[in-house]
Structures are given as C-alpha cells and as structure tokens.
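Visitor: coords please:
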Amino acid sequence: MSEDVKTRLGGLAFVAGGLLFGWMFIWSPYQDALNGVPEVRYHTKAFLLVPAALVIGVVMLTIGGRYQYRNKEKKQLTPLGWAIFGLIIALTGLSWWWLESQFSALGYQ
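Guide: Sure, this is the predicted structure:
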C-alpha cells in the first residue's frame, strides 16, 4: 500500500473520529438542552479535539502526501501548516462561541 493511500486512510479515520466525538461531546449535549434537560454537561476539550480532527482529516483526505505541512529538518510549520493551525483555532473559537450562545439563548448558564 502506498504512502499516499495510507495518508488518505488516516484522514478518513480522523474525520470519522472527529464526527464521533463531535456527536458525543458537542451535538448530544446540545440536543439535551433543546429537549429541556435540567442540567447539561459538555467537555471543553471537545472544542479543540473535534475541529482539529476534522480539519486534519479533511486535509489528509484531500491532499494526501503531496504537500508538506512542516519542515522536518527545522521542525517548523510551513505556510500550509500555519494555515491549517489557524483554521483549527478559528473553528475552535467559533464552535465554543456557537454552543455558548445557544445555551444562553435556551436559559443555561
């Protein structure tokens, strides 16, 4: 099996894991809140884990091993790596803001 296929399969695993964790730790508590459960708990780590897994997985699926996201010799990110990192941070903040605003609108603190 070629390295490109392995990378793409790894990306598929990342996307599947991101969707699973997103459903378990973000979407499920949101559905509980919509259903009026008196106390809703969620894990704040999910707001970093889910966007990171989804973004990394989509990148691995779409570009495979064609582009380098880091310089192995210098141990530094390339511009593509920084763009991926920035997207993960932006999605982390947006997902946190979205869920907090939804919970506030539903009367949760």
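Visitor: check contacts around the closest residue to M24 other than its chain neighbours.
Guide: Computed as CB to CB, 6 or more residues apart in numbering, the closest residue to M24 that is not its neighbour in sequence is A46, at 8.0 Å. C-beta here means a position set from N, CA and C on the backbone, and glycine is covered the same way. Contact partners of A46, counting by CB atoms under 8 Å, 6 or more residues apart in numbering, are F21, G22, M24, F25, I26.
Visitor: repeat for Q76
Guide: Per CB under 8 Å, 6+ apart, neighbours of Q76: R70.
Visitor: Relative to G93, how far out is it?
Guide: According to CB to CB, to the nearest Å, Q76 and G93 sit 24 Å apart.
Visitor: Can you turn the buried part of the contacts of A46 into a PyMOL selection?
Guide: Here is the PyMOL command that picks out the buried ones among the contacts of A46, judged by 16 or more other CB atoms under 10 Å:
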select buried, resi 21+22+25+26
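Visitor: What does the pLDDT read for the residue nearest to M24?
Guide: Looking at A46, its pLDDT is 93.
Visitor: Kindly report the same for T62.
Guide: At T62, pLDDT is 92.
Visitor: What's the local residue count around it?
Guide: Other residues within reach of T62 by the criterion other CB atoms under 10 Å amount to 11.
Visitor: again, but for R70
Guide: 14.
Visitor: And for G57?
Guide: 21.
Visitor: What is the three-state secondary structure of it?
Guide: Assigned by DSSP: H, G, I helix; E, B strand; the rest coil, the conformation of G57 is helix.
Visitor: what sits against it?
Guide: G11, L12, A13, F14, V15, A16, G17, G18.
Visitor: what's the answer for Q102, then?
Guide: Y30, A33 are the contacts of Q102 under CB under 8 Å, 6+ apart.
Visitor: separation between it and A46?
Guide: 15 Å.
Visitor: same deal with L99?
Guide: 9 Å.
Visitor: what's near enough to touch the residue sitting nearest the centre point of the chain?
Guide: Central residue of the chain (CA atoms, centre = their mean): P51, 1.5 Å from the mean position. Contacts for P51 (CB under 8 Å, 6+ apart) come out as G18, L87, I88, L91, T92, S95.
Visitor: Cool, thanks, talk later.
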